[in-house]
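K.L.:
my questions are about this predicted structure, shown below with the sequence.
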Amino acid sequence: MRTIRFILRKEMLQIFRNKAMLPIIFVMPIMQLLLLSQAMTYELNEIRVHLVDLDHSPTSRHLWQKLQASPYFSLTRQSQSIKQGEYDLLTNDADLVLVIPQHMEKQLFNQRFQKIQLLINAINASKAGLVNAYANSVLQDFNQNIQSEFTQVKLSPQGPAKPTTARQIKLTSTNWFNPELDYQTYMVPGLLVALVTMIGAFLSSMNIVKEKEIGTIEQLNVTPIRKHQFIIGKLLPFVFIGIFELVFGLLLGFYVFDIPMVGSPWLIFAFSLVYLMVILGLGLLISTMVDTQQQAMFIAWFILIIFILMSGLFTAIESMPAWAQQITRFNPIRYFNEVMRMVMLKGSGFGEIKQHFIILTVYALAVMSLALLRYRKTT
(Lines give C-alpha, C1' and ligand atoms only; values in the text may rest on other atoms or scores of the structure.)
Protein backbone atom coordinates (compact mmCIF):
# COMPACT_ATOMS: atom_id res chain seq x y z
CA MET A 1 0.00 0.00 0.00
CA ARG A 2 2.88 2.37 0.74
CA THR A 3 4.22 1.90 -2.78
CA ILE A 4 0.78 2.46 -4.32
CA ARG A 5 0.34 5.60 -2.21
CA PHE A 6 3.58 7.09 -3.55
CA ILE A 7 2.63 6.23 -7.14
CA LEU A 8 -0.82 7.73 -6.60
CA ARG A 9 0.70 10.94 -5.24
CA LYS A 10 3.08 11.14 -8.19
CA GLU A 11 0.21 10.63 -10.68
CA MET A 12 -2.01 13.27 -9.08
CA LEU A 13 0.80 15.81 -9.18
CA GLN A 14 1.57 14.92 -12.77
CA ILE A 15 -2.10 15.25 -13.83
CA PHE A 16 -2.68 18.65 -12.24
CA ARG A 17 0.59 20.02 -13.56
CA ASN A 18 -0.41 19.06 -17.09
CA LYS A 19 -2.07 22.10 -18.65
CA ALA A 20 -3.52 19.99 -21.47
CA MET A 21 -5.42 17.67 -19.11
CA LEU A 22 -6.99 20.32 -16.89
CA PRO A 23 -9.37 21.67 -19.59
CA ILE A 24 -10.43 18.09 -20.39
CA ILE A 25 -11.24 17.48 -16.73
CA PHE A 26 -12.98 20.74 -15.82
CA VAL A 27 -14.01 22.62 -18.99
CA MET A 28 -15.25 19.79 -21.21
CA PRO A 29 -17.93 18.54 -18.75
CA ILE A 30 -19.52 21.98 -18.42
CA MET A 31 -19.47 22.63 -22.17
CA GLN A 32 -20.79 19.17 -22.95
CA LEU A 33 -23.76 19.34 -20.60
CA LEU A 34 -24.74 22.97 -21.16
CA LEU A 35 -24.40 22.97 -24.95
CA LEU A 36 -25.26 19.43 -26.04
CA SER A 37 -28.29 19.14 -23.77
CA GLN A 38 -29.76 22.19 -25.52
CA ALA A 39 -28.73 21.28 -29.08
CA MET A 40 -29.37 17.51 -29.12
CA THR A 41 -33.13 17.27 -29.45
CA TYR A 42 -35.66 15.79 -31.84
CA GLU A 43 -38.29 18.34 -30.87
CA LEU A 44 -39.43 20.91 -33.44
CA ASN A 45 -40.09 24.42 -32.22
CA GLU A 46 -40.89 26.00 -35.59
CA ILE A 47 -42.22 24.42 -38.80
CA ARG A 48 -42.23 26.84 -41.72
CA VAL A 49 -45.47 26.53 -43.71
CA HIS A 50 -46.18 27.72 -47.25
CA LEU A 51 -49.97 28.01 -47.73
CA VAL A 52 -51.60 27.51 -51.12
CA ASP A 53 -55.29 28.32 -50.58
CA LEU A 54 -57.24 27.83 -53.80
CA ASP A 55 -60.66 27.83 -52.15
CA HIS A 56 -60.77 31.15 -50.24
CA SER A 57 -63.73 30.05 -48.15
CA PRO A 58 -64.47 30.48 -44.45
CA THR A 59 -63.74 26.78 -43.98
CA SER A 60 -60.32 26.97 -45.66
CA ARG A 61 -59.51 30.10 -43.67
CA HIS A 62 -60.53 28.31 -40.49
CA LEU A 63 -58.22 25.41 -41.40
CA TRP A 64 -55.02 27.37 -41.87
CA GLN A 65 -55.81 29.60 -38.88
CA LYS A 66 -56.11 26.49 -36.76
CA LEU A 67 -52.76 25.30 -38.12
CA GLN A 68 -51.18 28.66 -37.43
CA ALA A 69 -52.58 28.67 -33.89
CA SER A 70 -50.43 25.64 -33.11
CA PRO A 71 -47.12 26.59 -31.41
CA TYR A 72 -45.21 24.39 -33.85
CA PHE A 73 -46.30 25.98 -37.16
CA SER A 74 -45.33 29.35 -38.58
CA LEU A 75 -46.90 30.70 -41.78
CA THR A 76 -43.99 32.07 -43.81
CA ARG A 77 -45.63 32.57 -47.23
CA GLN A 78 -49.05 32.41 -48.91
CA SER A 79 -49.50 32.05 -52.68
CA GLN A 80 -51.84 30.73 -55.37
CA SER A 81 -49.26 28.47 -57.05
CA ILE A 82 -48.32 24.93 -56.11
CA LYS A 83 -45.11 25.36 -58.13
CA GLN A 84 -44.14 28.27 -55.90
CA GLY A 85 -44.62 26.04 -52.88
CA GLU A 86 -42.49 23.33 -54.46
CA TYR A 87 -39.81 25.93 -55.19
CA ASP A 88 -39.76 26.93 -51.52
CA LEU A 89 -39.20 23.27 -50.63
CA LEU A 90 -36.32 23.08 -53.10
CA THR A 91 -34.69 26.22 -51.72
CA ASN A 92 -35.27 25.07 -48.11
CA ASP A 93 -37.48 28.09 -47.39
CA ALA A 94 -40.39 25.90 -46.27
CA ASP A 95 -40.75 22.66 -44.35
CA LEU A 96 -44.39 22.07 -45.27
CA VAL A 97 -46.64 23.14 -48.16
CA LEU A 98 -50.36 22.99 -47.37
CA VAL A 99 -52.47 22.85 -50.54
CA ILE A 100 -56.20 23.54 -50.09
CA PRO A 101 -57.99 22.68 -53.38
CA GLN A 102 -60.76 24.63 -55.05
CA HIS A 103 -64.37 24.06 -53.90
CA MET A 104 -63.14 22.41 -50.71
CA GLU A 105 -65.99 23.80 -48.61
CA LYS A 106 -68.63 22.83 -51.19
CA GLN A 107 -67.31 19.29 -51.60
CA LEU A 108 -66.91 18.89 -47.86
CA PHE A 109 -70.49 19.80 -46.97
CA ASN A 110 -72.12 18.17 -50.00
CA GLN A 111 -70.18 14.93 -50.20
CA ARG A 112 -68.59 15.00 -46.71
CA PHE A 113 -65.28 14.06 -48.33
CA GLN A 114 -62.36 16.18 -49.52
CA LYS A 115 -58.64 15.63 -50.01
CA ILE A 116 -56.00 18.07 -48.77
CA GLN A 117 -52.41 17.85 -49.95
CA LEU A 118 -49.36 18.08 -47.71
CA LEU A 119 -45.94 18.47 -49.33
CA ILE A 120 -43.15 17.83 -46.80
CA ASN A 121 -39.43 18.35 -47.10
CA ALA A 122 -38.19 14.83 -46.28
CA ILE A 123 -34.43 15.18 -46.62
CA ASN A 124 -34.33 14.73 -42.86
CA ALA A 125 -36.53 11.65 -42.40
CA SER A 126 -36.93 12.11 -38.63
CA LYS A 127 -37.97 15.73 -38.99
CA ALA A 128 -40.36 14.88 -41.86
CA GLY A 129 -42.03 12.23 -39.71
CA LEU A 130 -42.58 14.73 -36.90
CA VAL A 131 -43.92 17.37 -39.30
CA ASN A 132 -46.35 14.83 -40.75
CA ALA A 133 -47.46 13.72 -37.28
CA TYR A 134 -48.01 17.30 -36.05
CA ALA A 135 -49.90 18.32 -39.20
CA ASN A 136 -52.12 15.23 -39.12
CA SER A 137 -52.92 15.88 -35.47
CA VAL A 138 -54.15 19.39 -36.34
CA LEU A 139 -56.11 18.10 -39.35
CA GLN A 140 -57.82 15.40 -37.29
CA ASP A 141 -58.86 17.98 -34.71
CA PHE A 142 -60.16 20.21 -37.50
CA ASN A 143 -62.03 17.28 -39.03
CA GLN A 144 -63.79 16.51 -35.76
CA ASN A 145 -64.86 20.15 -35.45
CA ILE A 146 -66.24 20.14 -39.01
CA GLN A 147 -68.19 16.93 -38.40
CA SER A 148 -69.67 18.41 -35.24
CA GLU A 149 -70.71 21.59 -37.05
CA PHE A 150 -72.17 19.58 -39.94
CA THR A 151 -74.30 17.54 -37.53
CA GLN A 152 -75.66 20.67 -35.87
CA VAL A 153 -76.65 22.50 -39.07
CA LYS A 154 -78.07 19.51 -40.95
CA LEU A 155 -81.90 19.72 -41.16
CA SER A 156 -84.41 16.93 -41.42
CA PRO A 157 -87.74 17.23 -43.43
CA GLN A 158 -89.63 17.82 -40.19
CA GLY A 159 -87.21 20.47 -38.93
CA PRO A 160 -84.02 20.40 -36.97
CA ALA A 161 -82.82 16.96 -36.07
CA LYS A 162 -83.33 16.01 -32.45
CA PRO A 163 -80.10 15.85 -30.59
CA THR A 164 -79.01 12.35 -29.74
CA THR A 165 -76.74 11.24 -27.00
CA ALA A 166 -73.88 9.21 -28.45
CA ARG A 167 -71.94 6.77 -26.39
CA GLN A 168 -68.27 7.62 -26.38
CA ILE A 169 -65.07 6.12 -25.02
CA LYS A 170 -62.90 8.63 -23.19
CA LEU A 171 -59.17 8.04 -23.07
CA THR A 172 -57.08 9.48 -20.27
CA SER A 173 -53.34 9.17 -20.79
CA THR A 174 -50.57 9.47 -18.21
CA ASN A 175 -46.89 9.81 -19.08
CA TRP A 176 -44.78 7.80 -16.67
CA PHE A 177 -41.15 8.65 -15.77
CA ASN A 178 -41.17 11.85 -17.89
CA PRO A 179 -44.60 13.46 -17.38
CA GLU A 180 -43.74 16.72 -19.18
CA LEU A 181 -42.20 14.89 -22.16
CA ASP A 182 -39.10 17.03 -21.71
CA TYR A 183 -36.38 15.87 -24.07
CA GLN A 184 -33.62 17.11 -21.74
CA THR A 185 -34.86 14.73 -19.06
CA TYR A 186 -34.19 11.90 -21.50
CA MET A 187 -30.89 13.19 -22.90
CA VAL A 188 -28.97 14.47 -19.86
CA PRO A 189 -28.48 11.04 -18.19
CA GLY A 190 -27.12 9.70 -21.48
CA LEU A 191 -24.82 12.71 -21.86
CA LEU A 192 -23.43 12.03 -18.38
CA VAL A 193 -22.54 8.53 -19.53
CA ALA A 194 -20.76 9.92 -22.60
CA LEU A 195 -18.98 12.46 -20.39
CA VAL A 196 -17.57 9.89 -17.96
CA THR A 197 -16.69 7.57 -20.84
CA MET A 198 -14.70 10.08 -22.87
CA ILE A 199 -12.79 11.49 -19.93
CA GLY A 200 -11.92 8.06 -18.55
CA ALA A 201 -10.90 6.57 -21.90
CA PHE A 202 -8.93 9.55 -23.20
CA LEU A 203 -7.00 10.25 -20.02
CA SER A 204 -6.15 6.63 -19.27
CA SER A 205 -5.14 5.89 -22.87
CA MET A 206 -2.68 8.80 -22.83
CA ASN A 207 -1.24 7.97 -19.42
CA ILE A 208 1.32 5.21 -19.95
CA VAL A 209 2.12 6.30 -23.49
CA LYS A 210 3.08 9.70 -22.12
CA GLU A 211 5.68 7.99 -19.95
CA LYS A 212 7.05 6.45 -23.15
CA GLU A 213 7.22 9.80 -24.92
CA ILE A 214 9.07 11.66 -22.16
CA GLY A 215 11.34 8.68 -21.45
CA THR A 216 10.36 8.05 -17.80
CA ILE A 217 8.92 4.60 -18.48
CA GLU A 218 12.43 3.12 -18.47
CA GLN A 219 13.11 4.61 -15.04
CA LEU A 220 9.89 3.08 -13.70
CA ASN A 221 10.68 -0.28 -15.26
CA VAL A 222 14.01 -0.63 -13.43
CA THR A 223 12.43 0.14 -10.03
CA PRO A 224 11.24 -2.71 -7.72
CA ILE A 225 7.63 -1.62 -8.30
CA ARG A 226 5.48 -4.64 -9.18
CA LYS A 227 3.21 -4.69 -12.20
CA HIS A 228 -0.07 -4.66 -10.26
CA GLN A 229 1.14 -1.80 -8.06
CA PHE A 230 2.08 0.21 -11.11
CA ILE A 231 -1.29 -0.39 -12.79
CA ILE A 232 -3.31 0.36 -9.64
CA GLY A 233 -1.38 3.55 -9.02
CA LYS A 234 -1.88 4.60 -12.64
CA LEU A 235 -5.63 3.97 -12.75
CA LEU A 236 -6.81 5.06 -9.29
CA PRO A 237 -6.50 8.81 -10.01
CA PHE A 238 -8.79 8.43 -13.02
CA VAL A 239 -11.32 6.52 -10.92
CA PHE A 240 -11.46 9.52 -8.57
CA ILE A 241 -11.70 11.93 -11.50
CA GLY A 242 -14.46 9.86 -13.15
CA ILE A 243 -16.53 9.77 -9.94
CA PHE A 244 -15.97 13.51 -9.46
CA GLU A 245 -17.19 14.20 -13.00
CA LEU A 246 -20.26 12.02 -12.43
CA VAL A 247 -21.14 13.78 -9.15
CA PHE A 248 -20.59 17.17 -10.77
CA GLY A 249 -22.78 16.21 -13.74
CA LEU A 250 -25.58 14.89 -11.51
CA LEU A 251 -25.60 18.10 -9.46
CA LEU A 252 -25.59 20.21 -12.63
CA GLY A 253 -28.43 18.16 -14.09
CA PHE A 254 -30.48 18.43 -10.90
CA TYR A 255 -30.06 22.15 -10.24
CA VAL A 256 -29.77 23.50 -13.81
CA PHE A 257 -31.96 21.15 -15.88
CA ASP A 258 -34.27 19.91 -13.08
CA ILE A 259 -33.49 16.26 -13.87
CA PRO A 260 -35.11 14.04 -11.22
CA MET A 261 -33.26 11.46 -9.13
CA VAL A 262 -35.98 8.94 -8.38
CA GLY A 263 -33.67 6.05 -7.51
CA SER A 264 -30.65 5.77 -5.25
CA PRO A 265 -27.55 7.77 -6.28
CA TRP A 266 -25.40 5.28 -4.35
CA LEU A 267 -26.54 2.57 -6.74
CA ILE A 268 -25.36 4.72 -9.65
CA PHE A 269 -21.99 5.30 -7.97
CA ALA A 270 -21.53 1.57 -7.30
CA PHE A 271 -22.35 0.70 -10.90
CA SER A 272 -20.11 3.50 -12.20
CA LEU A 273 -17.12 2.01 -10.33
CA VAL A 274 -17.51 -1.23 -12.27
CA TYR A 275 -18.07 0.70 -15.48
CA LEU A 276 -14.94 2.77 -14.93
CA MET A 277 -12.93 -0.43 -14.57
CA VAL A 278 -14.07 -1.36 -18.08
CA ILE A 279 -13.31 2.04 -19.63
CA LEU A 280 -10.01 2.53 -17.81
CA GLY A 281 -8.96 -1.02 -18.68
CA LEU A 282 -9.76 -0.26 -22.30
CA GLY A 283 -7.68 2.92 -22.15
CA LEU A 284 -4.84 1.05 -20.48
CA LEU A 285 -4.97 -1.60 -23.19
CA ILE A 286 -4.76 1.08 -25.88
CA SER A 287 -1.80 2.77 -24.16
CA THR A 288 0.18 -0.49 -24.18
CA MET A 289 -0.33 -0.88 -27.93
CA VAL A 290 0.79 2.57 -29.17
CA ASP A 291 3.91 4.73 -28.95
CA THR A 292 2.53 8.28 -28.99
CA GLN A 293 -0.34 10.17 -27.36
CA GLN A 294 -1.64 11.12 -30.79
CA GLN A 295 -2.02 7.48 -31.74
CA ALA A 296 -3.75 6.78 -28.42
CA MET A 297 -6.24 9.61 -29.02
CA PHE A 298 -7.06 8.43 -32.54
CA ILE A 299 -7.63 4.80 -31.52
CA ALA A 300 -9.65 5.77 -28.42
CA TRP A 301 -11.84 8.11 -30.49
CA PHE A 302 -12.37 5.48 -33.19
CA ILE A 303 -13.57 2.95 -30.62
CA LEU A 304 -15.65 5.37 -28.57
CA ILE A 305 -17.51 6.92 -31.49
CA ILE A 306 -18.78 3.46 -32.47
CA PHE A 307 -19.68 2.58 -28.88
CA ILE A 308 -21.51 5.89 -28.27
CA LEU A 309 -23.49 5.84 -31.53
CA MET A 310 -24.58 2.24 -30.86
CA SER A 311 -25.35 2.70 -27.17
CA GLY A 312 -28.95 3.86 -27.51
CA LEU A 313 -28.04 7.45 -26.63
CA PHE A 314 -29.29 8.90 -29.92
CA THR A 315 -31.10 5.99 -31.60
CA ALA A 316 -33.18 3.46 -29.69
CA ILE A 317 -31.60 0.02 -29.80
CA GLU A 318 -35.02 -1.47 -30.60
CA SER A 319 -35.05 0.59 -33.82
CA MET A 320 -31.72 -0.82 -35.02
CA PRO A 321 -31.45 -3.82 -37.38
CA ALA A 322 -31.36 -7.24 -35.74
CA TRP A 323 -27.64 -7.71 -36.42
CA ALA A 324 -26.84 -4.29 -34.89
CA GLN A 325 -28.86 -5.14 -31.78
CA GLN A 326 -26.74 -8.24 -31.30
CA ILE A 327 -23.54 -6.21 -31.61
CA THR A 328 -24.72 -3.79 -28.90
CA ARG A 329 -24.63 -6.68 -26.42
CA PHE A 330 -20.83 -6.22 -26.41
CA ASN A 331 -21.09 -2.45 -25.92
CA PRO A 332 -20.43 -1.43 -22.28
CA ILE A 333 -21.80 2.08 -22.81
CA ARG A 334 -25.20 0.58 -23.62
CA TYR A 335 -25.49 -0.97 -20.15
CA PHE A 336 -24.42 2.15 -18.26
CA ASN A 337 -26.76 4.27 -20.40
CA GLU A 338 -29.71 2.00 -19.59
CA VAL A 339 -28.86 1.89 -15.89
CA MET A 340 -28.59 5.68 -15.62
CA ARG A 341 -32.04 6.19 -17.11
CA MET A 342 -33.56 3.29 -15.17
CA VAL A 343 -32.29 4.48 -11.78
CA MET A 344 -32.64 8.24 -12.28
CA LEU A 345 -36.01 8.33 -14.07
CA LYS A 346 -37.71 5.07 -13.09
CA GLY A 347 -36.32 4.50 -9.61
CA SER A 348 -35.09 0.98 -10.43
CA GLY A 349 -33.32 -0.98 -7.71
CA PHE A 350 -30.50 -3.49 -7.78
CA GLY A 351 -32.87 -6.30 -8.74
CA GLU A 352 -33.74 -4.57 -12.01
CA ILE A 353 -30.10 -3.82 -12.95
CA LYS A 354 -28.53 -7.02 -11.61
CA GLN A 355 -28.06 -8.49 -15.09
CA HIS A 356 -26.35 -5.30 -16.29
CA PHE A 357 -24.09 -5.41 -13.22
CA ILE A 358 -23.04 -9.01 -13.86
CA ILE A 359 -22.33 -8.38 -17.55
CA LEU A 360 -20.16 -5.34 -16.85
CA THR A 361 -18.31 -7.17 -14.06
CA VAL A 362 -17.36 -9.92 -16.48
CA TYR A 363 -16.45 -7.29 -19.06
CA ALA A 364 -14.22 -5.46 -16.53
CA LEU A 365 -12.41 -8.63 -15.50
CA ALA A 366 -11.78 -9.57 -19.14
CA VAL A 367 -10.52 -6.13 -20.23
CA MET A 368 -8.32 -5.57 -17.16
CA SER A 369 -6.83 -9.05 -17.45
CA LEU A 370 -6.03 -8.49 -21.10
CA ALA A 371 -4.47 -5.10 -20.34
CA LEU A 372 -2.32 -6.57 -17.55
CA LEU A 373 -1.13 -9.38 -19.80
CA ARG A 374 -0.40 -6.90 -22.61
CA TYR A 375 1.71 -4.63 -20.37
CA ARG A 376 5.20 -6.01 -19.85
CA LYS A 377 7.56 -4.48 -17.31
CA THR A 378 10.90 -4.81 -19.05
CA THR A 379 14.23 -3.19 -18.48
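P.N.:
Okay, I see it.

K.L.:
ok, V262 to T3 distance?
P.N.:
As defined by C-beta to C-beta, to the nearest Å, V262 lies at a distance of 43 Å from T3. From N, CA and C alone the C-beta is placed, and that goes for glycine too.

K.L.:
quick one, which of the two is more surrounded?
P.N.:
Set V262 next to T3 and count neighbours by other C-beta atoms under 10 Å: T3 wins out with 15 against 12.

K.L.:
so the more buried one touches I225, yeah?
P.N.:
Yes: using C-beta atoms under 8 Å as the test, T3 is close enough to I225 to be in contact (6.0 Å).

K.L.:
does the nearest residue to M21 once chain neighbours are set aside count as helix, strand or coil?
P.N.:
Nearest residue to M21, sequence neighbours excluded (C-beta to C-beta, 6 or more residues apart in numbering): I15, at 5.6 Å. The three-state label given to I15 by DSSP: H, G, I helix; E, B strand; the rest coil is helix.

K.L.:
separation between I15 and S272?
P.N.:
For I15, the distance to S272 under the criterion C-beta to C-beta works out to 19 Å.

K.L.:
so between the two, which is more surrounded?
P.N.:
The residue with more neighbours, out of I15 and S272 and counting by other C-beta under 10 Å, is S272; that gives 24 against 17.

K.L.:
secondary structure element holding the more buried one?
P.N.:
Using DSSP states H and E, S272 sits within helix 265-287.

K.L.:
and for M340?
P.N.:
Per DSSP H and E: M340 is located in helix 332-341.

K.L.:
and the angle from the helix or strand following that helix to helix 265-287?
P.N.:
Next helix or strand after helix 332-341 toward the C-terminus (DSSP H and E): helix 350-374. In terms of direction (axes from the mean of the first three to the mean of the last three C-alpha atoms, to 10 degrees), helix 350-374 departs from helix 265-287 by 20 degrees.

K.L.:
returning to what we had before: which helices and strands sit right next to the helix holding M340?
P.N.:
helix 183-214, helix 265-287, helix 293-309, helix 350-374 (3 or more C-beta pairs under 8 Å, 6 or more residues apart in numbering; DSSP states H and E).

K.L.:
what angle sits between the longest one and helix 265-287?
P.N.:
Between the axis of helix 183-214 and that of helix 265-287 there is an angle of 40 degrees, by the same axes, to 10 degrees.

K.L.:
measure how far helix 183-214 is from the centre of its chain, please.
P.N.:
A distance of 17 Å separates the C-alpha centroid of helix 183-214 from that of its chain, computed with C-alpha atoms, centre = their mean, to the nearest Å.

K.L.:
over to the third one?
P.N.:
Mean C-alpha position of helix 293-309 versus that of the full chain (C-alpha atoms, centre = their mean) differs by 19 Å.

K.L.:
please apply the same query to stretch 285-305.
P.N.:
Going by C-alpha atoms, centre = their mean, the spacing between the C-alpha centre of stretch 285-305 and its chain's C-alpha centre is 25 Å.

K.L.:
coming back round to it: so which of the helices and strands packed on helix 332-341 is nearest P237?
P.N.:
Between P237 and those, the tightest spacing by C-beta to C-beta is seen for helix 183-214, at 8.6 Å.

K.L.:
what mean pLDDT does the closest one get?
P.N.:
Predicted confidence along helix 183-214 averages 85 (mean pLDDT).

K.L.:
excluding its backbone neighbours, what's nearest M277?
P.N.:
Beyond its immediate neighbours in the sequence, the residue positioned closest to M277 (C-beta to C-beta, 6+ apart) is A364, lying 3.9 Å away.

K.L.:
what's around the one you found, how many residues?
P.N.:
The burial metric for A364, expressed as a neighbour count using other C-beta under 10 Å, is 21.

K.L.:
now do the contacts for it.
P.N.:
Residues near A364 by C-beta atoms under 8 Å, 6 or more residues apart in numbering: V274, Y275, M277, V278, G281.

K.L.:
out of those residues, who has the most neighbours?
P.N.:
The most crowded member of the contacts of A364 is Y275, carrying 28 neighbours; neighbours defined as other C-beta under 10 Å.

K.L.:
touching, that residue and R334? I think so.
P.N.:
No: here Y275 lies out of contact with R334, judged by C-beta under 8 Å, at a distance of 11.1 Å.

K.L.:
distance check, Q144 against Q107.
P.N.:
Between Q144 and Q107 the distance is 18 Å, computed by C-beta to C-beta.

K.L.:
repeat for A322
P.N.:
When C-beta to C-beta is applied, the distance between A322 and Q107 equals 46 Å.

K.L.:
neighbour-wise, which of those two wins?
P.N.:
When A322 and Q107 are compared on other C-beta under 10 Å, the one with more neighbours turns out to be Q107, at 15 against 6.

K.L.:
which stretches in the stretch 1-150 of the chain count as helices?
P.N.:
For the stretch 1-150 of the chain, applying DSSP state H, counting those that start in this stretch gives helices covering 2-17, 21-22, 28-31, 37-39, 58-69, 82-90, 104-111, 125-153.

K.L.:
nearest to M368, of those?
P.N.:
helix 2-17 (15.9 Å).

K.L.:
contacting residues around the closest one?
P.N.:
Defining contact as C-beta under 8 Å, 6+ apart, one finds that helix 2-17 is touched by 21-22, 25, 203, 207, 225-226, 229-230, 232-234, 236-237, 241.

K.L.:
6 Å - rerun?
P.N.:
Defining contact as C-beta atoms under 6 Å, 6 or more residues apart in numbering, one finds that helix 2-17 is touched by M21, Q229, I232, G233, L236, P237.

K.L.:
ok, stretch 283-300 next?
P.N.:
The set of residues external to stretch 283-300 that reach it, using C-beta under 6 Å, 6+ apart, is 201-202, 204-210, 370-371, 374-375.

K.L.:
no further questions, thank you.
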